[in-house]
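Asker: I would like the atomic coordinates for the input below:
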Amino acid sequence: LLCNVADLFLRMGPYMYQGIDMIDRGLPMARESLLVNEGLYRRKSTHTAKSIYLVGKGLWCKYKYDEALKLFQEALEIYDSTHGRQHRDTAEALHWIGRTLQRMGKIDEAL
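Answerer: Residues are numbered from 1 along each chain as shown. Below is the predicted model:
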């Protein structure tokens with residue numbers, strides 16, 4: 001549930017007036033869901049990968065692209081090993097890796 005609420009806040013954040021408020025609420029929730037999921041499922045589970053992905057998304061919204069990229073890549077590794085390449089979670093992680101690389105000016109790597 002915490003992960004879903006964090007996701008909702010982070011989805012709303014970039015598109016709302018004064019959206020930074022939503023990001024400031026969502027990022028701590030994503031971090032807390034990461035701690036909870038690591039305790040319950042360990043680091044390499046899909047539940048934990050979702051929390052890792054959400055923390056990365058929150059950091060991306062805060063323009064912390066280097067940190068976000070590392071988390072998106074970690075989430076991708078977990079998703080790829082559990083779901084394979086033909087899965088929505090894997091595709092979302094790849095999408096955000098591409099967006100992050102683009103924002104960092106690494107267009108060739110983003111392709």
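
Asker: list the contacts for the residue lying closest to H87 once chain neighbours are set aside?
Answerer: Spatially, and ignoring its direct neighbours in sequence, H87 is nearest to Y79 (6.6 Å; Cβ to Cβ, 6 or more residues apart in numbering). In short, each C-beta sits where N, CA and C put it, glycine included. Going by Cβ atoms under 8 Å, 6 or more residues apart in numbering, Y79 touches T46, A49, H87, D89, T90, A93.

Asker: Please tell me how far D7 sits from R25.
Answerer: 12 Å (Cβ to Cβ, to the nearest Å).

Asker: Then D80?
Answerer: D80 is 30 Å from R25, by Cβ to Cβ.

Asker: go on, A75?
Answerer: Note on A75: its distance to R25, by Cβ to Cβ, is 21 Å.

Asker: quick one, which of the two is more surrounded?
Answerer: A75 (27 against 17; other Cβ atoms under 10 Å).

Asker: does the more buried one really touch A93, like I thought?
Answerer: Yes. Using Cβ atoms under 8 Å, A75 makes contact with A93 at a distance of 4.8 Å.

Asker: Could you name every residue contacting both of these two?
Answerer: Common contacts of A75 and A93 (Cβ under 8 Å, 6+ apart): Y53.

Asker: and stretch 35-48, which residues are buried?
Answerer: Across stretch 35-48, burial judged by 16 or more other Cβ atoms under 10 Å covers N37, E38, T46, H47, T48.

Asker: between these, which is closest to K70?
Answerer: Taking Cβ to Cβ as the measure, K70 lies nearest T48 of the buried residues of stretch 35-48, at 14.9 Å.

Asker: Great, nothing more from me.
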